[in-house]
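Sequence first, predicted coordinates after that:
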Amino acid sequence: MLTLTTLNLFPVPVSNRLNILIKDDSYHSDAVYEYQVIDSQGRIVPKGALASKKSFLNLSNITPGVYLFRHKASEKQIESRVFIKK
């Protein structure tokens, strides 16, 4: 059974702090959400795991540009969003 996950990133464009909100129908307290931030050259800038449905990333160390945030909710479900770092 496929569960519905919704990924929200804000603010866009982002200066330094990217807020992440995951709305997941199957969320449970020990869920871990893997993520990657990918630059326009295809390089993974940071990657890691979010242990909460509401989280943030400090992006002050990446250069301005267009990035892809890729979120893995399960082995079969991957969501991506584009955001701009100013």
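It's in. Since we're looking at a predicted model, the values are computed, not measured. Numbering: from 1, shown residues only.

how about residue 81, phi and psi?
phi -140, psi 140 (degrees, to the nearest 10).

Residue 64 too?
When quoted as degrees, to the nearest 10, the phi and psi of residue 64 stand at phi -60, psi 150.

Excluding its own residues, what touches stretch 36-54? List them.
For stretch 36-54, the surrounding residues in contact (Cβ atoms under 8 Å, 6 or more residues apart in numbering) are 19-24, 27, 31-35, 57, 59, 62, 65-70. C-beta coordinates here come from the backbone N, C-alpha and C atoms, glycine included.

Tell me the buried residues in it?
For stretch 36-54, the neighbour count (16 or more other Cβ atoms under 10 Å) marks 36-38, 45, 50 as buried.

same thing with stretch 72-86?
Buried, per 16+ other Cβ under 10 Å, within stretch 72-86: 72-73, 83, 85.

Quick check on the contacts of stretch 36-54: which are buried?
The neighbour count (16+ other Cβ under 10 Å) marks 20, 22, 24, 31, 33, 35, 57, 59, 62, 67-70 as buried among the contacts of stretch 36-54.
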